[in-house]
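J.: when you get a sec, could you give me coordinates for this:
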Amino acid sequence: MEKSTSTLKSFENWLQILMNTYQCHPSHGLAQVINYYLVRIIHDEEIKCDHRKLMKYCSMKKFWHWRSA
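T.: Below is the predicted model:
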């Protein structure tokens, strides 16, 4: 479980960096990468058990899926 937590935290940190970069330099490719990491986060067991976080990330995924289409 500890490995999953550290992996999840790494994904969340990386996601924050990507979104900050997108804010300064928006691009279609970057939106696709953000969407990819959101999918990885949503499929994490820890997130599946936390319904508030799951809903937050699912909402974010909808937005970024739209931006990357």
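J.: so for the lengthiest helix in the chain, mean pLDDT?
T.: Longest helix of the chain, by residue count under DSSP state H: helix 2-24. The average pLDDT within helix 2-24 is 92.
J.: show me what it is packed up against.
T.: When contacts are defined as 3 or more C-beta pairs under 8 Å, 6 or more residues apart in numbering; DSSP states H and E, helix 2-24 packs onto helix 28-42, helix 45-49. C-beta here means a position set from N, CA and C on the backbone, and glycine is covered the same way.
J.: state the mean pLDDT of the last one.
T.: Right, the one you point to is helix 45-49. Helix 45-49 comes out at a mean pLDDT of 93.
J.: that helix - contacts with which helices or strands?
T.: helix 2-24, helix 51-68.
J.: if I look at H51, how far off is S68?
T.: To S68, H51 is 25 Å away according to C-beta to C-beta, to the nearest Å.
J.: same question for H43.
T.: 18 Å.
J.: which of the two has more neighbours?
T.: Here H43 and S68 are set side by side on neighbour count (other C-beta atoms under 10 Å), and the busier one is S68, at 16 against 9.
J.: contacts only, for that one.
T.: H28, A31, Q32, I34, N35 (C-beta atoms under 8 Å, 6 or more residues apart in numbering).
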